[in-house]
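A.B. asks: Fold the following and give me the result.
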Amino acid sequence: MNCVSCNAELPQEAKFCPECGTKIGDMECSNCGEPLKPGAKFCHSCGSAADSESQAHETTQAEGGTTQKSWLATIGPFLFIPVFVGIIVILFWKNREPEPMNASNATAAEQSAPSMAAMGQVHETLERLKQRVEENPDDLVAIDSLATMYSIAGSYDKARKFYERHLEIEPDNQQIKIALGLTYHSLNRTEEGIELIEGILQEEPTHAFALFYLAEIYASSGEMKVAEEHWNKIIDHYPNTEIANMAQQRIHEYKHTDSN
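C.D. replies: Got it, this is the predicted structure:
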């Protein structure tokens, strides 16, 4: 199957085109019928798991123009290609002292090194996305793709600029606010990150993603009691769901760490 917009070949079960970002599928929760975010693991409205075909209904469609997608799904194609992600990290790795190599590990290092062709593909992808943004400053697909690639690479200040640029265009996008809040935290601007995500919870106190990632920020800042309160809210409001299980696991991990 090919994309109706750019004619690129689509991966099996693709939800959007990896080349142009055109959306090719909508998903609905089988429990409450609400639309699901692309790549969502659970229903934001009722908390039902959405990671199997029996729990979600997909209808294929094409949309013209700029496609606005979940920031969690923007990088979808890259996440299914671990080598590609590894290359991105290598390209942006900053000021790392190389570990000494000896004869025993030289072969393994050489074997794991990415090919020049693959590295060139990464550069080409970045340049193509930058060109798209230059030609269309409101291209949210390209903006989100750049932001997410830079985030994965650890270039958080560059990622921040693109997330902030998205919010200039779409100021009420909650998922981009969460992404930007996490980016602020990575830039040691934790208070700004917390304020941004807490703003979402003021409007929607049970927003699962906001609760989960705000808890992560608090936990990494040593505020475990506050983090646990947020994770417990997820468990209370979304029982027997994947994100509730993740929250329970995080509480268990931190308690286990504290006891050691």
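
A.B. asks: can you pull out the helices in this protein?
C.D. replies: All helices of the chain, identified by DSSP state H, fall at 71-74, 76-79, 82-92, 103-112, 116-135, 140-153, 156-169, 174-186, 190-203, 208-220, 224-237, 242-259.

A.B. asks: any chance of those helices in TSV, plus mean neighbour count?
C.D. replies: Using the backbone N, CA and C atoms, a C-beta is placed for each residue, glycine as well. Output for the helices of the chain, formatted as TSV (neighbours: other C-beta atoms under 10 Å):
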stretch	mean neighbour count
helix 71-74	23
helix 76-79	17
helix 82-92	16
helix 103-112	9
helix 116-135	13
helix 140-153	24
helix 156-169	18
helix 174-186	23
helix 190-203	16
helix 208-220	22
helix 224-237	18
helix 242-259	14
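
A.B. asks: possible to save the ones you listed as JSON lines with mean pLDDT?
C.D. replies: Listed next are those as JSON lines, based on pLDDT from 0 to 100:
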{"stretch": "helix 71-74", "mean pLDDT": "38"}
{"stretch": "helix 76-79", "mean pLDDT": "36"}
{"stretch": "helix 82-92", "mean pLDDT": "43"}
{"stretch": "helix 103-112", "mean pLDDT": "49"}
{"stretch": "helix 116-135", "mean pLDDT": "82"}
{"stretch": "helix 140-153", "mean pLDDT": "86"}
{"stretch": "helix 156-169", "mean pLDDT": "94"}
{"stretch": "helix 174-186", "mean pLDDT": "92"}
{"stretch": "helix 190-203", "mean pLDDT": "96"}
{"stretch": "helix 208-220", "mean pLDDT": "93"}
{"stretch": "helix 224-237", "mean pLDDT": "96"}
{"stretch": "helix 242-259", "mean pLDDT": "85"}
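
A.B. asks: How about Ile176, nearest residue that isn't a chain neighbour?
C.D. replies: Leaving aside its chain neighbours, Ile176 sits nearest to His166 (4.9 Å; criterion: C-beta to C-beta, 6 or more residues apart in numbering).

A.B. asks: quick one: that neighbour and Tyr238, what's the gap?
C.D. replies: Per C-beta to C-beta, to the nearest Å, His166 is found 27 Å from Tyr238.

A.B. asks: what do you get for Leu214?
C.D. replies: To Tyr238, Leu214 is 15 Å away according to C-beta to C-beta.

A.B. asks: repeat for Glu228
C.D. replies: Applying C-beta to C-beta, the value for Glu228 to Tyr238 is 16 Å.

A.B. asks: now Val226
C.D. replies: According to C-beta to C-beta, Val226 and Tyr238 sit 19 Å apart.

A.B. asks: do Phe162 as well
C.D. replies: Per C-beta to C-beta, Phe162 is found 30 Å from Tyr238.

A.B. asks: One more: Phe209?
C.D. replies: Per C-beta to C-beta, Phe209 is found 11 Å from Tyr238.

A.B. asks: now swap in Ser221 and tell me
C.D. replies: Separation of Ser221 from Tyr238 (C-beta to C-beta) stands at 24 Å.

A.B. asks: now do Gln248
C.D. replies: Counting by C-beta to C-beta, the separation of Gln248 from Tyr238 is 11 Å.

A.B. asks: repeat for Ala142
C.D. replies: 33 Å.

A.B. asks: ditto for Lys161
C.D. replies: Lys161 is 33 Å from Tyr238, by C-beta to C-beta.
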